[in-house]
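> No sequence on hand, only this structure:
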């Protein structure tokens, strides 16, 4: 590893209440599509993408944004990369290994209610068309 290169910060958006040191592991029901047990956990290098993850997560609990460290290799998220956003500008990734919670971002700006409703409507349309949101 290049000692001069700064380590990239990764985020995970959710509605799950986690503590420092907790692990986010594959095998839990996905927040999207048919809610299959996910083979991967998802992380991002942008706060905005993590905010979307938190806002769109299942449940009524408060949205949370965590700082996470992956425990193994990560790869581009095929659900977004080069399909919707060529080149991965959202810095969306997935891993088959656990993420460790190393912090929480408490001061962040939610998307507008109009943006959120438009995204939820788009996801509902994909579901009605039989398009699975998560490619495992």
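Structure received. Model, not experiment: these values are computed from the prediction.
> Run through the helices of this protein in chain order.
47-56, 113-128 (DSSP state H).
> Going by mean pLDDT, which of the ones you listed comes out lowest?
Note on these: helix 113-128 shows the lowest mean pLDDT, a mean of 83.
> for this protein, what are the low-confidence residue spans?
Per-residue confidence for the chain (pLDDT under 70) gives these ranges: 1-7, 29-37, 81-86, 126-127, 129-136.
> mind listing the strands for it?
Under the criterion DSSP state E, strands of the chain are mapped to 10-14, 23-24, 41-44, 64-70, 75-76, 92-95, 99-105.
> What about residue 52, how many residues nearby?
Residues lying near residue 52 (other C-beta atoms under 10 Å) number 18. For the C-beta atoms, the positions are set from N, CA and C on the backbone; glycine is no exception.
> That one and residue 119 touch, don't they?
Yes. Using C-beta atoms under 8 Å, residue 52 is in contact with residue 119, at 7.1 Å.
> Which neighbours do the two have in common?
Taking C-beta atoms under 8 Å, 6 or more residues apart in numbering as the contact rule, residue 52 and residue 119 both touch residue 111.
> about what we covered before: of all the strands of the chain, which lies closest to residue 125?
Residue 125 lies closest, by C-beta to C-beta, to one member of those: strand 92-95, at 20.6 Å.
> Packing partners of the closest one?
Strand 92-95 sits against strand 41-44, strand 75-76, with contacts defined as 3 or more C-beta pairs under 8 Å, 6 or more residues apart in numbering; DSSP states H and E.
> Reformat those strands as a markdown table; add mean neighbour count and distance to residue 13.
Shown next, in a markdown table, are the helices and strands packed on strand 92-95 (neighbours: other C-beta atoms under 10 Å; distance: least, C-beta to C-beta, whole Å):
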| stretch | mean neighbour count | distance to residue 13 |
| --- | --- | --- |
| strand 41-44 | 26 | 8 |
| strand 75-76 | 13 | 18 |
